[in-house]
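**Q** Quick one, what's the 3D model for this:
(one chain, ligands or ions: 1)
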Amino acid sequence: MSHNCHSPLLINYRSESSKALSDDIAARLEKDYGVKTLVVKADVSRYEDCEALVKAAVEKFGEHIDVLVNNAGITNNCNWIDITRDAYERVINTNLMSFLHMTHLVLPYMINHSDKEHQCCIVNTSSVGGLTGVINQADYCASKSGIIGLTRALALEFAGRGVRVNAIAPGMIMTDMLRGVNQDELNALAAAIPQGFIGDVSDIAGAMEYLLTAPYVTGQVISPNGGFVLQ
Ligand SMILES: NC(=O)c1ccc[n+]([C@@H]2O[C@H](COP(=O)([O-])OP(=O)(O)OC[C@H]3O[C@@H](n4cnc5c(N)ncnc54)[C@H](OP(=O)(O)O)[C@@H]3O)[C@@H](O)[C@H]2O)c1
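**A** Numbers count the residues shown, from 1 in each chain. The predicted model follows:
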């Protein structure tokens, strides 16, 4: 495979707090692994921002892109009567349209050099919400199911051209997305998970590493979820 842990990396952020984190990760990758990095601001729900992101990568690192990880995601927690059009459109644009934009813009820079020996790879972050329903999350579930359809269709379309496309569907993982939830609710969530605890980002990193390095795996959805949803 062409990509390795020393390949140049573009890190996207949107908010200022994410910029600080992105700069920190970039600095550590450069210092500890000698990885060339570029940190770029973009709102990936907007096609023009995605275009600028890909342009920045190509200008800095050249016209071959080996890996794309689509991960941006937001939620509303609202019933389908009270939710506003603006709120659910924001979720669909951020969680699903951004993945359509990015795959559409990046794939030409993958198939210009990929083949069976020189594979490229896309990993899309879905959710257990895309595998099953979640109350008050209709927009989120729609976006995350859509990501699975996108993943499978692109996997088939590009399988013969050396591009693998897979998805990760995390269960409950302790990130900023869960930080607003109080301890009682967290305990209730953990109790509903057969393994009895909320996952860690390292659980997702393990699945990501596997998908990036598994040359015969495409069109799959891996769900680190503690047994919460069985496929
Ligand atoms: N944590 C869980 O339990 C869980 C479970 C299932 C699936 N997931 C999925 O995992 C992915 C990562 O979520 P997380 O748990 O790490 O939550 P998080 O800490 O809230 O991270 C979400 C990330 O998405 C970025 N983002 C949101 N809108 C964006 C936009 N328009 N353009 C660019 N970046 C944008 C945010 O950047 P800014 O901070 O700059 O806005 C943030 O870095 C999401 O797709 C989420 O749906 C999470």
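**Q** going forward, measure contacts between C-alpha atoms and count neighbours the same way
**A** Noted.
**Q** Going along the chain from the lowest-mean-pLDDT helix or strand in the chain, find the next helix or strand for me.
**A** Here the helix or strand of the chain ranked lowest by mean pLDDT, DSSP states H and E is helix 176-179, holding a mean of 85. Per DSSP states H and E, the first helix or strand lying C-terminal to helix 176-179 is helix 183-191.
**Q** can you pull the buried residues of that following helix?
**A** 186, 190 (16 or more other CA atoms under 10 Å).
**Q** can you give me how far it is from the chain middle?
**A** In terms of CA atoms, centre = their mean, to the nearest Å, the centre of helix 183-191 is set 25 Å apart from its chain centre.
**Q** Give me the contacts around that helix.
**A** 196-198 (CA atoms under 8 Å, 6 or more residues apart in numbering).
**Q** Any residue of it touching the ligand?
**A** No: Helix 183-191 is not in contact with the ligand by CA under 6 Å from any ligand atom; minimum separation 10.6 Å.
**Q** Could you number the chain from 207 rather than 1 from now on?
**A** Shifting the count to begin at 207 puts that one at helix 389-397.
**Q** quick check: mean pLDDT across that helix?
**A** Across helix 389-397, pLDDT averages out at 94.
**Q** Can you give me the buried ones in whichever helix or strand comes after that helix?
**A** Elements were assigned by DSSP H and E; along the chain past helix 389-397, the next helix or strand is helix 407-419. By 16+ other CA under 10 Å, the buried positions in helix 407-419 come out as 409-410, 413-414, 417-418.
**Q** Which SSE is immediately downstream of helix 407-419?
**A** strand 427-428.
**Q** ok, that next one: who's next to it in the sheet?
**A** When pairing is defined by DSSP bridges, strand 427-428 lines up against strand 369-374 (parallel).
**Q** if we can go back for a sec, could you dump the contacts of helix 389-397 into CSV and include neighbour count and distance to Val260?
**A** Formatted as CSV, the contacts of helix 389-397 follow (neighbours: other CA atoms under 10 Å; distance: CA to CA, whole Å):
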residue, neighbour count, distance to Val260
Gly402, 15, 41
Phe403, 17, 38
Ile404, 19, 35
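**Q** close to the ligand, is the least confident helix or strand of the chain?
**A** Yes: residues of helix 382-385 contacting the ligand under CA under 6 Å from any ligand atom: 382-383.
**Q** any residues touching that helix, and which ones?
**A** With CA under 8 Å, 6+ apart, helix 382-385 has contacts from Ile280.
**Q** what about it, distance to the chain center?
**A** 16 Å.
**Q** Over to stretch 379-393?
**A** 20 Å.
**Q** end to end, how far does that stretch reach?
**A** With CA to CA, to the nearest Å applied, stretch 379-393 spans 13 Å between its terminal residues.
**Q** Among the buried residues of helix 407-419, find me the one that's closest to the ligand.
**A** Nearest to the ligand among those is Ile410, at 9.0 Å by CA to the nearest ligand atom.
**Q** Could you tell me how many residues sit around the spatially closest residue to Met308 that is not a sequence neighbour?
**A** With sequence-adjacent residues excluded and distances taken as CA to CA, 6 or more residues apart in numbering, Met308 is closest to Cys256, at 6.2 Å. Residues near Cys256, counting by other CA atoms under 10 Å, number 24.
**Q** Could you pull up the residues touching Cys256?
**A** Cys256 touches 248-250, 304, 307-308, 311, counting by CA under 8 Å, 6+ apart.
**Q** so how far is the ligand from Ala232?
**A** 14 Å (CA to the nearest ligand atom, to the nearest Å).
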